[in-house]
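In: What follows is a predicted structure for the sequence shown.
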Amino acid sequence: MQFSAYLHFNGNCKQAFAYYQKHLGGKIAMSMTYGEAPGEMSLTDATRDLIIHTRLAIGDFTLMGSDNPPSVQTPVPMQGFNITFNVPNTAEAERVFKALSVNGEVRQPLTETFFAHRFGMVTDQFGLPWMVIYEKTA
């Protein structure tokens, strides 16, 4: 059994996943717009290019997402969770944290803690809350 995260964006899913692919690595394994989806949907030019489903594979982890459906009029804030990105060393923790911090909000600076060589919390420019960690071994 594997767990993965499914994220809902307010019109910027394509940009977010391109950013994550570039800075976190991995590969976008699948992506489809509302306009490419089969079936009848009432679409406007503004909603046709929104993402109905995308999947980014990063090692053993899968991050999936979509833009809110065209019927959702009010943006839905992302809250009540963090995506945790575990990295293998200090240099990678610093690189990833810096990339996620661009135009975002650092909630806890990346630093050494009692449980991690590096740990930090940031909400990225797309509104996604992240924890970056390079854990200490027991």
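Out: Now that the structure is in, tell me what you want to look at. Residues are numbered from 1 along each chain as shown.

In: Provide the secondary structure category for H23.
Out: Following DSSP: H, G, I helix; E, B strand; the rest coil, the label given to H23 is helix.

In: so who does it touch?
Out: 96, 99-100 (Cβ atoms under 8 Å, 6 or more residues apart in numbering). The C-beta positions use only the backbone N, C-alpha and C, and glycine is treated the same way.

In: what's the distance between the nearest residue to V102 once chain neighbours are set aside and A16?
Out: Spatial nearest neighbour of V102, chain neighbours left out: Q125 (6.4 Å); criterion: Cβ to Cβ, 6 or more residues apart in numbering. Between Q125 and A16 the computed distance is 8 Å (Cβ to Cβ, to the nearest Å).

In: These two: which has the busier surroundings?
Out: Higher neighbour count among Q125 and A16: A16, with 22 against 16, using other Cβ atoms under 10 Å.
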